[in-house]
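Enquirer: Give me a model of this one.
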Amino acid sequence: MLGHLSDIRVLMMTYNGGSYFESQLDSILCQKHLEGIRIYDDASTDDAFIAALKKCEATQQVNVHFHARNMGVVENVKYGILENLDANWLALSDQDDLWEPQKFQMLVEILDKLNKEVLTTPILVYHDMSLINEQDEKTADSFWGMCRHRHHAHNLSTLLFENFVTGCTTVFNPILGQYIATIPKHLDSYHDHWMALAAFSFGKVIKVDKCLNRYRKHAHNQAFGAIISQDWRYRRRKNLYYLLHPKTHLKREFDIASAFFDIYGAQMAPIKRQIFEAFLSVKKATYLQQVLFRRKVLATYSSGLVVGVINK
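Expert: Below is the predicted model of the structure:
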């Protein structure tokens, strides 16, 4: 372990980043308790952006790795995390957002209280974020509110239905980072959902009910674009589609839960195993049965957000 025990190393995954990259980088470099930034570029083809990355290498706290071939988002994240398991804490970054100046200071106050747990327990800390547009104007106060993640508590049961842990809001220890290695290459899911499943299944999770990122919504977002653009008309069309194509409903969620359970189910505590088994038991149910089961689960945990440590 390197430096101060609460220093955080940032991993930024880039590909043809545009005009927002430098603002994102500046918002990270101003953070207290920053151990350094490792940038992993996924074989960008934009000459201007490549030149900007090479210019960053002159900055003492920034190291840039250029992949010779395009790996894709998940494989790039896996590579970056597994290359940095010597860090005390790791944080993932997008290439086009803004981080609030107090982000690391607030998170380190939490990390400092964990003591020896960081050496033996997978630990995940995550937070909410506001939304901005291409002109840096705020478009929503809360990503959780936009995605209806404030309607229920955050735990393993609710996580199986929809991921509420966004990679760029996370800080985690290397013990949790090791779980990234087992993501199957064929899986059509993002890395943050897999790591959240690991943390809720085997570790300690700390949710911070603060918006410490400004997530930029623009035409080229890799994730969450459809979620953010949802309104009642979109949801109605989606429900109709699932009625006509029931096998597509929750397909990604069933796939990632099945893959994770196949690898780690035997290691889980009985209560965690039961949660996975109950979720997977409705995989072959009708669309209506799946909807009713989801509503029942979410209603069970609809008493509001659980602020602080989540380890159940």
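Enquirer: neighbours of residue 282, just the number please.
Expert: 17 (other CB atoms under 10 Å). Heads up, the C-betas are built off the backbone N, CA and C, glycines and all.
Enquirer: Ramachandran angles for it?
Expert: phi -100, psi 10 (degrees, to the nearest 10).
Enquirer: how close does it get to residue 47?
Expert: 50 Å (CB to CB, to the nearest Å).
Enquirer: hang on, isn't residue 208 packed against residue 110?
Expert: Yes. Residue 208 is within contact range of residue 110, at 7.0 Å (criterion: CB atoms under 8 Å).
Enquirer: Spell out which residues are contacts of both of the two.
Expert: By CB atoms under 8 Å, 6 or more residues apart in numbering, residue 208 and residue 110 have these common neighbours: residue 125.
Enquirer: Quick check, pLDDT for residue 111.
Expert: We have a pLDDT of 92 for residue 111.
Enquirer: One more: residue 227?
Expert: At residue 227, the model reports a pLDDT of 51.
Enquirer: what's the neighbour count on residue 42?
Expert: Going by other CB under 10 Å, the residues that sit close to residue 42 add up to 19.
Enquirer: ok, it to residue 123 distance?
Expert: Distance of residue 42 to residue 123, given as CB to CB: 27 Å.
Enquirer: So which residues of this protein form strands?
Expert: In the chain, the strands defined using DSSP state E lie at 8-14, 34-41, 62-66, 89-93, 98-99, 123-132, 138-140, 171-172, 204-216, 308-310.
Enquirer: Packed most tightly, which of those would that be?
Expert: Across these, the average number of neighbours (mean count of other CB atoms under 10 Å) peaks for strand 171-172, which reaches a mean of 26.
Enquirer: quick one: strands adjacent to that one?
Expert: strand 89-93 (antiparallel), strand 123-132 (antiparallel) (DSSP bridges).
Enquirer: and that strand, how far from the chain's centre?
Expert: 10 Å (CA atoms, centre = their mean, to the nearest Å).
Enquirer: Go ahead and name everything in contact with that strand.
Expert: Applying CB under 8 Å, 6+ apart, the contact partners of strand 171-172 are 8, 89-91, 107, 111, 122-126, 195, 199.
Enquirer: try it again with 10 Å
Expert: Outside strand 171-172, the residues within contact range by CB atoms under 10 Å, 6 or more residues apart in numbering are 6, 8-10, 81, 89-92, 103-104, 107-108, 110-111, 122-127, 179-180, 195-196, 198-199, 203, 205-206, 208.
Enquirer: Next: stretch 274-284.
Expert: In contact with stretch 274-284 (CB under 10 Å, 6+ apart) are residues 155-157, 159-161, 197, 200-201, 247, 250-251, 253-255, 257-258, 260-261, 264-265, 268-269, 289-294, 297.
Enquirer: In helices, which of those fall?
Expert: Using DSSP state H, the members of these that fall within helices are 156-157, 159, 197, 200-201, 251, 253-255, 257-258, 260-261, 264, 289-294, 297.
Enquirer: Can you flag the buried ones in those residues?
Expert: Among the ones in helices among the contacts of stretch 274-284, those classed as buried by 16 or more other CB atoms under 10 Å are 156-157, 159, 197, 200-201, 253-255, 257-258, 260-261, 264, 290-291, 293-294, 297.
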